[in-house]
Structures are given as C-alpha cells and as structure tokens.
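Peer 1: My questions are about this predicted structure, shown below with the sequence.
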Amino acid sequence: MIHYFRVVISGFLIVLLFTFFNTIKVEKWVITSGCTLSVSGSTNINSFVCEVTQSAAADTINHYNYDPVKKYYPISGMMFIDVTGFNCHNPMMTSDLRKTLKYKEYPKLIINFISLQKLPDLKNKKDKITGLVDIELSGVKKRFNIEYEFQLAKANEIQVIGSKQILFSDFNLIPPRKLGGMIKTNNELMITFNISMKSI
C-alpha cells in the first residue's frame, strides 16, 4: 500500500512539473536593423559624445511569464559592443577613451537584459518602462535599473531607446586626463542605446 501511494504521488508530481513547464510562455523579439550606442560626458572644458554604430546580429530578446514573487517580467538577450568601434569625432579623445576602457584586455562592452517592469503597451504608439540590465565593462559587471522608451515604428516593428547614467568609478576606472591634468574628464557618463525589433 505504501509503495502504491509513492507511485501515485510520484506520478502526480511528474504531471504537475510537466504542466508547469509547458505553461511557461516565451515570446521573442528579433532585432531587425542596426543598433547604435552612444556615451556622452563632459570635461572641465567641454562636452563630448562617442558613438558606436553596428549591424544587428541575428539575435533575439525573449520575454517570459510575469514573476509574481519578483514582480517583473523576466527577459533574456544580450548586446555585444566593440569598444574599438567608439568614435568620439576627435582622434585624441577616441584613443583616450579606448585606452581608459582597456580595449586590448576587454574588447567588448556587454549589456545583458534581465527584466522589465511591464510589457510595452503600444496602443498610443509610445510607452515608458523601467527594467534591470547587467552592464559589463572593462571586466567589471554591475546591475542597473534602466529607463526605456518603446515606440511603434511601423507595423509590428518596435524602436527601443534605453538610457542610464553611470560612473567611470562604477567599473573601477579613472577618467582620462590630458596636458598634465589640466583637462579632466568628469566621472559621469550617459549611456544610450537604440535598437529596432519585431515580435515573432
């Protein structure tokens, strides 16, 4: 009799787990065009913008069922940015930024998407949402709350703009200096990325 109940309970647990895993909803957004990333900051003399433009990889961003415990929608997907692709529109500044970011040791800036507070509602063609990302730069990974703006670009295609202010010191980096320290780059940087994708 005990053996019988063990078999019944085991069978019930198997059915329960099978049902649970088969009710996990996974939806995909595929990147449809090139993505851009910019880093803007300032020195004690002027401001600057450094940009990377690259073709989209054959990549997707997945989003899953709402997590009632963590109170967000889990998502997965990554952006890999070539640090050598940064162009500050000034050769000296471009070189200084790449060296500061240790491009030879760590050639990629990585953005790993973690979650969204909610899924975009594009009935009015625009929605603002916050979410979590991991940013890995110069061998250091940090988690940030990031602000997104979702826009309906055309039928079934979404443009996503995300932005976050970070610090050089967040990644154990010292802002570049020139001319014996007379030109000093401030610690604050604004990272902004722009991608286009569609639901599949």
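Peer 2: That came through, no problem.

Peer 1: now the helices for the protein?
Peer 2: Taking DSSP state H to define them, one finds helices in the chain at 2-22, 91-100.

Peer 1: Out of those, point me to the one whose mean pLDDT is lowest.
Peer 2: Of all the helices of the chain, the minimum mean pLDDT falls on helix 2-22 (a mean of 41).

Peer 1: Any stretches of this protein with poor pLDDT?
Peer 2: Applying pLDDT under 70 to the chain flags residues 1-25, 33-34, 54-58, 179-181.

Peer 1: Show me the strands in it, by range?
Peer 2: 27-31, 35-42, 47-54, 60-63, 73-76, 78-82, 108-116, 126-137, 140-154, 157-167, 177-178, 183-184, 188-199 (DSSP state E).

Peer 1: and the third one with strand 35-42, angle?
Peer 2: By that I understand strand 47-54. 170 degrees (axes from the mean of the first three to the mean of the last three C-alpha atoms, to 10 degrees).

Peer 1: quick one: which of the strands of the chain is nearest residue 93?
Peer 2: strand 47-54 (6.0 Å; C-beta to C-beta). Heads up, the C-betas are built off the backbone N, CA and C, glycines and all.

Peer 1: Give me the buried positions along the closest one.
Peer 2: The neighbour-count check on strand 47-54 (16 or more other C-beta atoms under 10 Å) flags 48, 50, 52 as buried.

Peer 1: quick one: which of the strands of the chain is nearest residue 90?
Peer 2: strand 47-54 (7.3 Å).

Peer 1: quick one: that closest one to chain centroid distance?
Peer 2: 17 Å (C-alpha atoms, centre = their mean, to the nearest Å).

Peer 1: helices or strands next to that strand in the packing?
Peer 2: Using 3 or more C-beta pairs under 8 Å, 6 or more residues apart in numbering; DSSP states H and E, the elements in contact with strand 47-54 are strand 35-42, strand 78-82, helix 91-100.
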